[in-house]
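Trainee: Dropping the sequence and predicted coords here.
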Amino acid sequence: MQKFFRYLLYHLMGWSTEMCMPLPEKYIIALAPHTSNWDFVMGQLFSKAEGFRCQFLMKKEWFRGPLGRYFRRAGGIPVERNRHTSMTDQLAALAMQSDTFALCITPEGTRKRTSEWKHGFYYIALKANLPILLFGLDYSRKRIVFGKTIIPNGDIEQQMAEIKAYFKDFKGKYPENFTI
């Protein structure tokens, strides 16, 4: 199946990938820009083409009916956005207990234009001592780029500025919906 997804993504669709290093055993992917539901499709195609499985967070409303079964099997974790839960603590604990852990999060937390990015992915990584892998999704050049790793050190303001700066040159499917 991996060959099929590689053929589909790289040959038929014309996308390419640049990866600065192999994936570690445990990590969080910060994927941006997130401007369309197509970003999910591209992420799924990419992970299948590259042969890795990564969990992802998605609002709980997407987990109703037959789609819910698909999203759970694909690695989806439903999130209740209107309730304050200890999800960062729970995910950090899960990461520390597991031999392998891969979680993809879109820091913007929405497909709409926002300069206020969510910090949960950073806190999960900090608590569980995980690297944050920065993956840029560039529709203008049809490429997916893993070009930088951030090791959380607790200076969230400085490191979030560094993370946002990394994504400044990537163009989402709807570039008008992305800002750093």
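Mentor: Noted; the coordinates are in hand.

Trainee: mind listing the helices in the chain by residue range?
Mentor: Listed in chain order, the helices of the chain (DSSP state H) span 2-6, 38-50, 65-73, 87-97, 120-128, 156-166.

Trainee: between the ones you listed, which gets nearest to residue 22?
Mentor: Each of the helices of the chain has some distance to residue 22 by Cβ to Cβ; the shortest is helix 38-50, at 10.3 Å. Glycine gets a C-beta too; all of them are placed from N, C-alpha and C.

Trainee: Of the helices of the chain, which stretch is the most buried?
Mentor: helix 120-128 (a mean of 22; mean count of other Cβ atoms under 10 Å).

Trainee: which residues are in contact with it?
Mentor: The contact list for helix 120-128 (Cβ atoms under 8 Å, 6 or more residues apart in numbering) reads 26, 28, 30, 87-89, 91-93, 95-96, 101, 103, 105, 107, 130-132, 150, 152, 154, 156, 159-160, 163.

Trainee: Bridge partners for residue 79, pull those for me.
Mentor: Counting by DSSP bridges, residue 79 is bridged to residue 59.

Trainee: any idea how far residue 77 is from residue 170?
Mentor: 25 Å (Cβ to Cβ, to the nearest Å).

Trainee: How about residue 109?
Mentor: 14 Å.

Trainee: one step back: looking at residue 170 and residue 77, which one has more neighbours?
Mentor: Each of residue 170 and residue 77 has its neighbours counted (other Cβ atoms under 10 Å); residue 170 has more, 22 against 18.

Trainee: which residues touch the residue lying closest to the more buried one once chain neighbours are set aside?
Mentor: Of all residues not flanking residue 170 in the chain, residue 136 sits nearest, at 4.0 Å (Cβ to Cβ, 6 or more residues apart in numbering). Neighbouring residues of residue 136 by Cβ under 8 Å, 6+ apart: 31-33, 144-145, 147, 166-167, 169-170.
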